[in-house]
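Q: here is a sequence with its predicted model. Questions after.
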Amino acid sequence: MAKPGIDGHWRGAKVVTTALRNAGMEVIFGGNMSPEAIAKVAVQEDVDVVGLSILAAGHMKLTQRVLQALQEESAEDIVVMVGGTIPQEDIPPLKEMGVDGVFPPGSKTDLIVKLVKEKMSQKKARA
C-alpha cells in the first residue's frame, strides 16, 4: 500500500491496510513514495498486489506512472488496485490502463478484501 506523489490523506489507506491485515494478508505500508520507488519496492518485496491510495489530484497520471514503472521492472504481473477520490468516469480508463480494481470513496472494505483475494487467486492460477 502506498501513496504516490505528495498526498497527506492517510485515513483511507490505513483503514484498507488494517482490513487486509485482519483478513490474514501481509501488508507493507510504504507511505508517500514516487511511482518509481513503489515499483522498486514491489519487486524487491516480491508482492502480489500494489495498492495505491490517491486522494489528491493526479490519479490518472500517477497511476499510469506506477504501471509504467512496474513494466520497466518486468513486473506487469503484479495486481494493481487504486482507491481514493476517483470520479466514476475515470474508472473505465483506469481499468483500460491495466488497473485491476478501483475503489472510490465509500467502498466497503469487505469488497476490497474479496477482490484482492480473487485477483491473487487468478494470478497464482496463471503461474
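A: Thanks, I have the structure now.
Q: residues contacting Val99?
A: Listed by CB atoms under 8 Å, 6 or more residues apart in numbering, the contact partners of Val99 are 63, 67, 80-82. (Glycine included, C-beta is placed from N, CA and C.)
Q: one more pass at 7 Å, please.
A: The neighbourhood of Val99, defined by CB atoms under 7 Å, 6 or more residues apart in numbering, consists of 63, 80, 82.
Q: JSON lines for these, including pLDDT and secondary structure?
A: Putting the contacts of Val99 into JSON lines (pLDDT from 0 to 100; DSSP: H, G, I helix; E, B strand; the rest coil) gives the following:
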{"residue": "Thr63", "pLDDT": "96", "secondary structure": "helix"}
{"residue": "Val80", "pLDDT": "94", "secondary structure": "strand"}
{"residue": "Val82", "pLDDT": "95", "secondary structure": "strand"}
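Q: which parts of the protein are strands?
A: Chain-ordered strands for the chain, with DSSP state E as the definition, fall at 2-4, 31-33, 49-54, 79-84, 101-103.
Q: looking at these, spot the one closest to Arg21.
A: strand 49-54 (12.1 Å; CB to CB).
Q: packing partners for the closest one?
A: Strand 49-54 sits against strand 2-4, helix 11-22, helix 59-72, strand 79-84, helix 109-126, with contacts defined as 3 or more CB pairs under 7 Å, 6 or more residues apart in numbering; DSSP states H and E.
Q: what residue ranges in the protein score low on pLDDT?
A: Low-confidence segments of the chain, defined by pLDDT under 70: 7-8, 127.
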